[in-house]
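>>> below are the sequence and a predicted model; questions follow.
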Amino acid sequence: MPSHQQKLTLRRQEGASKETSVKDNVHPPSPPMSDTIQTATTEQMAKDIASIYVLLKETSETQESKLNAIQTATRAVEAKLVDMVTRISNTESRLDFLEDASRALKENPPVTSDEVNALRQKLDDIENRGRRNNLRFAGFPEGCEGSDALAFMRNAIPQLLKVDFPGGLEIDRAHRSLVRRKPDGHPPRVIIARFLRFQDREEIMEAARRLGQLNWNGHRIMIFPDYSKLVTDKRAAFNPCKRLLHERKIKFSLVFPAVLVLKMTEGRREFTDPKKLSPRMTVFLILRRLNMLLLLATGSCL
């Protein structure tokens, strides 16, 4: 069993041990210098990595936008190339067609302009032969024929011309011209009548020439042959010349298809071109006037 002195020694050692532990807790030991440096290096590396990541991201986005622009331009170029290829293909097809057409024309040359004109003249002649029994009556008011133009013309023509047709006036058909009806106040559409016999048609024209001015219920009626448009245009080209001849009271005739005939002292003169006729007619009228003056002067001397 320990003595009292030993117990006191043990208590002093235990108290010193407790003071040392308290001091250790109040002032802990500082870490080593190598750990501090390592922590600072790690933080700096993290910051550098973050900066590099941001830079790479920005670079990636820039490159991506540039690639998108390149892709858009490439698509536009591709579309233009496709369009050019299509046009070239169409051009080749047309060239092939033109070559085939040219080859066909060389093997089978087309008709000449003279042949075309001859065919046109033949067609026009056939058309006029089909119209030779027709007459055009201008001046009958719109609607006067009612619903039966054929019966109206059958009764109106003998009254208009004061001519009796022993065999009866046979009309194949009659109708207004097929143009649109004009408002009131405009000239009425002509009535076209086709006669069964050509002799009746000629008799009507002769009676009209003999009577001169024709009137029906106060309306002036004029009768014309029914020609094709080609012949009608040719005859209309002589209208200025005809007007001048009428003013000078010079007899003339316009025969089919479009030939102006003048009866002159030196003989019969025919003109087919109104452009060539105008200067000649002027000279003709001057010479005619001089002849009349000479005749008057000779008669007065006698």
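Perfect, I can see it now.

>>> all contacts plus neighbour counts: C-alpha atoms, from now on.
OK.

>>> what distance do you get for residue 184 to residue 139?
13 Å (Cα to Cα, to the nearest Å).

>>> more neighbours: which of these two?
residue 139 (18 against 9; other Cα atoms under 10 Å).

>>> nearest residue to that one in space, please, no chain neighbours.
residue 221 (4.7 Å; Cα to Cα, 6 or more residues apart in numbering).

>>> so how far is residue 262 from residue 244?
13 Å.

>>> neighbour count for those two, which is higher?
Higher neighbour count among residue 244 and residue 262: residue 262, with 18 against 15, using other Cα under 10 Å.

>>> list the contacts of that one.
251, 252, 253, 268, 269, 270 (Cα atoms under 8 Å, 6 or more residues apart in numbering).

>>> quick check: residue 254 is in a strand.
Yes - under DSSP: H, G, I helix; E, B strand; the rest coil, residue 254 falls within a strand.

>>> run through this protein and note the low-pLDDT ranges.
1-35, 264-266, 277-302 (pLDDT under 70).

>>> how is it divided into domains?
As given by automatic domain parsing, the domain ranges for the chain are 132-226, 227-302.

>>> and of those domains, who's closest to residue 106?
Closest approach to residue 106 among these (Cα to Cα): domain 227-302, 32.9 Å.

>>> follow-up on the earlier one: what lies in contact with the strand or helix carrying the residue nearest to residue 139?
Per DSSP states H and E: residue 221 is located in strand 219-225. Counting contacts by Cα under 8 Å, 6+ apart, the residues outside strand 219-225 that touch it are 132, 134-141, 205, 208, 213-215.

>>> which residues of the stretch 1-150 of the chain fall in strands?
134-138 (DSSP state E, counting those that start in this stretch).

>>> in it, which spans are helices?
Remark: helices assigned in the stretch 1-150 of the chain by DSSP state H, counting those that start in this stretch are 4-26, 33-107, 113-131, 149-161.

>>> wait, a strand at residue 249?
No - counting by three-state DSSP, residue 249 falls outside a strand, being coil.

>>> about what we covered before: just the buried residues of the contacts of strand 219-225.
Taking 16 or more other Cα atoms under 10 Å as the criterion, what is buried in these is 132, 134, 135, 136, 137, 138, 139, 140, 141, 205, 208, 214.

>>> quick check on the nearest residue to the fourth one once chain neighbours are set aside: phi, psi?
The spatial neighbour of residue 136 that comes closest, neighbours along the chain excluded (Cα to Cα, 6+ apart), is residue 192 at 4.6 Å. The phi and psi torsions at residue 192 (degrees, to the nearest 10) take the values phi -100, psi 120.

>>> element containing residue 240, please.
helix 239-247.

>>> cool, residue 257 as well?
Per DSSP H and E, there is no helix or strand for residue 257.

>>> is it in contact with residue 233, as I believe?
No - applying Cα atoms under 8 Å as the test, residue 257 and residue 233 come out as separate, 10.4 Å apart.

>>> in terms of neighbours, single out the busier of these two.
Between residue 257 and residue 233, counting by other Cα under 10 Å, residue 257 is the more crowded of the two (16 against 12).

>>> burial measure for the closest residue to that one other than its chain neighbours, as a count.
Using Cα to Cα, 6+ apart and skipping the chain neighbours, the partner closest in space to residue 257 is residue 231 (6.1 Å). Number of residues near residue 231 (other Cα under 10 Å) recorded here: 16.

>>> now do residue 274
21.

>>> ok, now residue 220?
That count, for residue 220 with other Cα under 10 Å as the rule, works out to 12.

>>> now swap in residue 159 and tell me
13.

>>> many thanks, have a good one.
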